[in-house]
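> need coordinates for the below:
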Amino acid sequence: MLTQPVDVVEWMFPRLPRSAGRARIRFIRQAFEWEVPVDSAETGLILLSELVTNACRHARSPRDRMIGVRVLLPNPSLLRIEVSDANSTLPTIRNASPSDESGRGLELVAALATSWGAHPRGEGHIGKTVWCELALPTPANPHGD
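Just a heads-up that it's a prediction; the model follows:
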């Protein structure tokens, strides 16, 4: 069972392909520290990986711009992942055909997350934040629905 109070961690990564792997390592360590159930941590790992990979591949911004990752545990029944980049174009789900080799990342996020969305970053910041939330199992809700 989750024993940590509300908590937040933030990391910055360069907009490079290896950043998704580095974010996954930090995320899984944090999920373990927060005692997130293994199944939920694995799902969160997939969600984080998709969002960071999308920011690295698709955010049209200078290479020197960093990607911000923020992971929150606002209460014992919810995990929130936010990824910010310097591109202001909000993402949309593509309708990838069966023969497409990519383009299904946000479909996967929509299927696995309890909810997801994107919004422009706050005043004084350029770019956008793409976020997702994952319901976590609790004694009253063992399936995290």
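
> need the helices for the chain, in chain order.
Using DSSP state H, the helices of the chain run over 18-33, 38-58, 105-112.

> ranking these by burial, who's on top?
Mean neighbour counts were taken over these using mean count of other CB atoms under 10 Å, and the top value, a mean of 19, falls to helix 38-58. Where you see a C-beta, it was placed from the backbone N, CA and C, and this is true even at glycine.

> from the contact counts, what lies against it?
helix 18-33, strand 66-75, strand 78-85, helix 105-112, strand 128-135 (3 or more CB pairs under 8 Å, 6 or more residues apart in numbering; DSSP states H and E).

> I'd like the mean pLDDT over the second one, please.
Computed over strand 66-75, the mean pLDDT rounds to 94.

> nearest to K128, of the helices of the chain?
Closest approach to K128 among these is made by helix 38-58 (9.3 Å; CB to CB).

> what's the helix or strand of the chain with the lowest mean pLDDT packed up against?
Least confident helix or strand of the chain, by mean pLDDT, DSSP states H and E, is helix 105-112 with a mean of 89. Judged by 3+ CB pairs under 8 Å, 6+ apart, helix 105-112 is in contact with helix 38-58, strand 115-120.
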